[in-house]
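In: Predicted coordinates and the sequence they were generated for:
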Amino acid sequence: MNSKTPVLLGYAFRPFFLLNGIFAIVVVVIWIATLHGSGLPGITPMWHSHEMLVGFAMAAVAGFSLTAVANWTGRPAVHGVPLGLLVFSWLAGRLAMLLTAWLPGTLVGLLDMLFPILLCVLLGREIIEGRSRRNYQLLVIMVTLALLNVLYHLGVNQHIAGADRLAIYLLIHTVLLLVAIIAARIIPAFTGNWLRQQGHKEMPVVYDNVNHAALLLTILVGLAASFAPAHPLTGILAFLAALVHGFRLSRWRAFSTTVNPLLFVLHAAYAWFPVAYVLLGCSVFGWLFTPTTALHALTMGAIGTMVMAVTTRVALGHTGRPLQAARATVVAYWLLMIAVLIRVLGPLTGDGYLLMIDLSAAGWIAAFGIFVWVYWPILARPRVS
């Protein structure tokens with residue numbers, strides 16, 4: 001790697017994990033201000049959902065995937081000018097979405113599409129030229145995310161009625177599919193490596209047929225919840241998905257890792273999959289919980305906590321630092337989990353719902369504020385020998 005390359009542009013995880021942490025705070029602050037009547041023009045629930053997916057989640061995906069693909073293929077990591085252009089495209093998209101009330105809708109859509117398209121190009125080049133056939137599915141998912149973003153803007157600009165709402169739901173479940181794939185690769189592997197170091201004999205168990213069933217059900221639930229959210233079949237599929245994801249997690253020896261927060265938090269984050277699908281099933285049949293409850297268990301829970309879990313570990317491992325969570329990082333884990341729990345249970349509080357949203361947002365902001373404070377120097381400084 002060129003010695004003149006700025007540290008932040010040396011690996012994709014560096015700029016994207018840092019920007020992702022900052023953006024996680026900014027987007028929630030803007031949204032809470034909007035709920036209290038003092039936000040910017042053009043900030044709508046659809047904007048909030050879009051930015052948490054395309055802005056927040058996909059930034060983490062870009063940082064992780066472009067870093068990991070170098071290990072998968074043996075090719076040099078994407079860095080320097082190409083990475084700088086990708087970062088610029090992400091920033092341009094976020095600014096365009098923020099100024100959506102003042103810019104033409106077509107321009108906003110074009111600027112917002114720069115990042116997903118360039119990410120697909122860079123990731124596709126590395127996977128295809130590196131002949132990493134195993135990762136073609138990840139490339140297909142990334143292309144799907146980009147196409148769904150096009151669908152979102154077609155809806156927002158009223159070219160296809162209702163397309164924006166449909167795109168948001170499909171984006172949520174496509175990101176969940178990607179998280180489920182990555183989790184199945186890294187959680188058992190990281191857990192097994194650590195258990196061997198500790199002298200344990202029993203290792204995580206991975207069943208290919210269970211993995212295939214989990215991914216298939218994730219797809220089916222996503223399609224059903226997007227196109228027929230109130231149909232009983234959607235609820236049945238959600239309960240089946242909860243069962244399979246729960247069984248998969250139960251074989252990964254989560255409770256053997258409780259003394260290692262950096263590792264255990266990965267299991268805790270994945271636990272939101274079965275929990276969220278149970279809540280989704282209950283919401284379909286009208287059993288206590290609302291669709292909003294299930295939605296935030298899937299997004300804040302399964303996606304948000306996994307982003308925190310993966311970024312805190314990957315940043316340490318790829319900068320040569322010990323795989324040990326700082327005390328402040330552990331506090332951030334707890335704050336985030338509590339924030340998700342408050343948000344999930346918020347609809348049950350009736351008149352206190354807005355207060356619960358505020359408390360959940362405060363926990364989210366505090367958690368990612370700690371992340372930025374702890375990891376800024378780690379991400380911005382050279383690798384430790």
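Out: It's in.

In: Work out for me the element Phe289 sits within.
Out: When elements are assigned from DSSP states H and E, Phe289 belongs to no helix and no strand.

In: Now do it against Cys282, distance only.
Out: Remark: distance between Phe289 and Cys282 (Cβ to Cβ, to the nearest Å) = 5 Å. In this view, the C-beta of every residue, glycine as well, is placed from N, C-alpha and C.

In: Please apply the same query to Leu237.
Out: From Leu237 to Cys282 the distance is 13 Å (Cβ to Cβ).

In: More neighbours: the two, which one.
Out: Just comparing Leu237 and Cys282: by other Cβ atoms under 10 Å the higher neighbour count belongs to Leu237, 24 against 19.

In: what sits against the closest residue to that one other than its chain neighbours?
Out: What sits nearest to Leu237 in space, not counting adjacent residues and going by Cβ to Cβ, 6 or more residues apart in numbering, is Val221, at 4.8 Å. Contacts for Val221 (Cβ atoms under 8 Å, 6 or more residues apart in numbering) come out as 173, 234, 237-238, 241, 277, 280.

In: May I ask which of those residues has the most neighbours?
Out: That'd be Tyr277 among those, by other Cβ under 10 Å, with 30 neighbours.

In: Number of residues surrounding the nearest residue to it once chain neighbours are set aside?
Out: The shortest distance from Tyr277 to any non-neighbouring residue, by Cβ to Cβ, 6+ apart, is to Ala242 (3.7 Å). Neighbour count of Ala242, defined by other Cβ under 10 Å: 21.

In: rewinding a little: tell me the spacing between the residue nearest to Leu237 and Ala101.
Out: Distance from Val221 to Ala101, by Cβ to Cβ: 35 Å.

In: How about Ile172?
Out: For Ile172, the distance to Ala101 - Cβ to Cβ - is 25 Å.

In: now do Ala242
Out: 40 Å.

In: now Trp90
Out: From Trp90 to Ala101 the distance is 21 Å (Cβ to Cβ).

In: Spit out the contact partners of the residue nearest to Val78 when sequence neighbours are not counted.
Out: Leaving aside its sequence neighbours, Val78 sits nearest to Leu66 (Cβ to Cβ, 6+ apart; 4.9 Å). Residues counted as contacts of Leu66 (Cβ under 8 Å, 6+ apart) are 11-13, 77-78, 83, 86, 119, 122-123, 126.

In: for the residues you listed, which one is nearest Thr349?
Out: Phe13 (38.0 Å; Cβ to Cβ).

In: Neighbours of the closest one, how many?
Out: So Phe13, with other Cβ under 10 Å, has 26 neighbours.

In: who touches it in this structure?
Out: 63-64, 66-67, 311, 314-315, 318, 379.

In: Quick check: Ile32 touching Ala361?
Out: Yes - look at Ile32 against Ala361 with Cβ atoms under 8 Å: they come within range, at 4.8 Å.

In: Which elements pack onto the longest helix along the chain?
Out: Scanning the chain for the helix with the most residues, using DSSP state H, yields helix 163-197. Packing partners of helix 163-197 (3 or more Cβ pairs under 8 Å, 6 or more residues apart in numbering; DSSP states H and E): helix 45-50, helix 58-73, helix 136-156, helix 208-227, helix 261-270, helix 306-317.

In: Relative to Leu195, tell me which of the ones you listed wins on proximity.
Out: Of all the helices and strands packed on helix 163-197, helix 261-270 sits nearest to Leu195, with 9.5 Å by Cβ to Cβ.

In: tally of neighbours for the residue nearest to Leu359 when sequence neighbours are not counted?
Out: Distances taken as Cβ to Cβ, 6+ apart place Ile342 nearest to Leu359, at 5.2 Å, with adjacent residues excluded. Ile342 has 22 neighbouring residues, counting by other Cβ under 10 Å.
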